[in-house]
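In: The amino acid sequence is not available; the structure is as follows:
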């Protein structure tokens, strides 16, 4: 019967049960689903299952019950290698790359464990897994089942060893080919995958007192603890699992990941090719300057994404990049930042070309506007000149250009008006005065035509000064002038 006392031989299994159950509950109750979470949790429960029935086995002295309990142990024993394979496959994302192969392999992996369970159940009759059973008392209250191993046991052992070894090597190949720098936690993960393999070999090939203690369950507990805490520390299950890291690796833009202390933690293939980065830069602090990354902008100081323009010039080359850096948080605790670089050279060159084109267009518009304003000014001047010419033409069509008096046309027009008025209003009379300068011809001949013209202008001015505003004076011909006296009441008013 199962007692409350825990002898020293049961302590490893008891610790295994407690640790694996705590880790399994912590993992399976997480709200956030991540690749490999379910197989890893089932692996923890399988180890706890194995350890629980091993404790029961050590405290049972009846041979029949002991064989039944050890048979139940094998449910966990045969499941553990397959669950480790499923965990690594889902965590690394291999099932997506080799989908058809995995659809076959995920069921084929269970063929050997199912056959082993069947042969374990038939051990009392076939003895293919175990035979020659007898109960030995190791210490008071502690009993072990001494047995010999049949051929199928070694077949299953070789199968399990091969799975564990290939899984460890496969994880190492998938992991180390994508990292820029191998660090100590990577080696611990590899050791965690190989540790049960080494412990089981030690158990099978050891003799004497060590054959009574199977360290394999404790070895799997060490594996679980190393995987859970070591990889969880590096965001194995929450921050950057391999599937997401592969997504960043295959991202089409250069991407850099920094931890919460500003140290470079990861860069993808695009960043490596663009700036020639190497694994030796991993772990360097950005505040102290990272070779080839001296252009790094300041990290964001809040949840908002910081956007910065980074310009590279040299060797007759212009490059413009838009740096976007986002703060990463686990709950409310900052865990680092991710910096993505977007090549906006074509956009900036287009913007610069557009600015130059706009400046050129504005200059052309300004020149055209000035030309148009100049054309408008000249046109306005031409119109003013034309209107002035028209006014002068109209004026000189009715006035004498030398004296400024009305000419014959103006005289006849004005005379026609006063005659027509006289016909309508006989009481309103008018008078005509004909003026002729005798001897004017001698002035031209003696003093020249310029003196004659000046004489005519002086006479015209005096004539205008002596007339009323309603009277009209006109030059009829060379030295002949006519004056219309308007508004006379009788002929005696003539001067």
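Out: That came through, no problem. Just so it is clear, the structure is predicted and the values come from calculations on it, not from any experiment. Numbering: from 1, shown residues only.
In: OK, contacts around residue 483?
Out: 432, 433, 435, 463, 467, 471, 472, 473, 474 (C-beta atoms under 8 Å, 6 or more residues apart in numbering). Every residue, glycine included, has its C-beta placed from N, CA and C.
In: ok, it to residue 460 distance?
Out: 11 Å (C-beta to C-beta, to the nearest Å).
In: How about residue 136?
Out: 162 Å.
In: same check, this time on residue 434
Out: 15 Å.
In: Name the residue in the two with the higher neighbour count.
Out: The neighbour comparison of residue 434 against residue 460 (other C-beta atoms under 10 Å) goes to residue 460, with 19 against 9.
In: what's the overlap in contacts for residue 483 and residue 460?
Out: Joint contacts of residue 483 and residue 460 (C-beta under 8 Å, 6+ apart) are residue 473.
In: lowest-confidence helix or strand of the chain?
Out: Ranked by mean pLDDT, DSSP states H and E, the weakest helix or strand in the chain is helix 231-233, scoring a mean of 52.
In: and the helix of greatest length in the chain, what does it pack onto?
Out: Counting by DSSP state H, the longest helix found in the chain is helix 345-398. Applying 3 or more C-beta pairs under 8 Å, 6 or more residues apart in numbering; DSSP states H and E, one finds that helix 345-398 contacts strand 317-330, helix 408-424.
In: at 6 Å instead, please
Out: Contacts defined by 3 or more C-beta pairs under 6 Å, 6 or more residues apart in numbering; DSSP states H and E place helix 345-398 against strand 317-330.
In: Beyond the strand it packs on, next helix or strand please.
Out: Going down the chain from strand 317-330, the next helix or strand is strand 333-343, by DSSP states H and E.
In: helices or strands up against that next one?
Out: Against strand 333-343 (3+ C-beta pairs under 6 Å, 6+ apart) you get strand 255-259, strand 317-330.
In: For residue 395, which of the ones you listed is the nearest?
Out: strand 317-330 (71.0 Å; C-beta to C-beta).
In: which residues in the stretch 101-250 of the chain form strands?
Out: 130-139, 142-149 (DSSP state E, counting those that start in this stretch).
In: and among those, the most buried is which?
Out: strand 142-149 (a mean of 16; mean count of other C-beta atoms under 10 Å).
In: List the pairing partners of that strand within its sheet, with orientation.
Out: As defined by DSSP bridges, the strand partners of strand 142-149 come to strand 130-139 (antiparallel).
In: on that earlier part again, in strands, which of the contacts of residue 483 fall?
Out: Under the assignment DSSP state E, the contacts of residue 483 contribute 432, 433, 435, 472, 473, 474 to strands.
In: Could you identify the pair within these that is furthest apart?
Out: Maximum distance among the ones in strands among the contacts of residue 483 (C-beta to C-beta): 13.1 Å, for 435 and 472.
In: before we move on, the earlier item: distance to residue 55 and mean pLDDT for the strands of the stretch 101-250 of the chain - can I get that in CSV?
Out: Listed next are those as CSV, based on distance: least, C-beta to C-beta, whole Å; pLDDT from 0 to 100:
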stretch, distance to residue 55, mean pLDDT
strand 130-139, 14, 81
strand 142-149, 10, 80
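In: Make JSON lines out of the ones you listed and add distance to residue 226.
Out: Converted to JSON lines, the strands of the stretch 101-250 of the chain look like this (distance: least, C-beta to C-beta, whole Å):
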{"stretch": "strand 130-139", "distance to residue 226": "30"}
{"stretch": "strand 142-149", "distance to residue 226": "29"}
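In: Those: which one's closest to residue 449?
Out: Nearest to residue 449, of all the strands of the stretch 101-250 of the chain, is strand 142-149, at 155.3 Å by C-beta to C-beta.
In: what's near enough to touch residue 334?
Out: Neighbouring residues of residue 334 by C-beta atoms under 6 Å, 6 or more residues apart in numbering: 260, 327.
In: now do 8 Å
Out: Residue 334 neighbours (C-beta under 8 Å, 6+ apart): 260, 327, 328.
In: again with residue 17
Out: Applying C-beta under 8 Å, 6+ apart, the residues contacting residue 17 are 48, 51, 52, 55.
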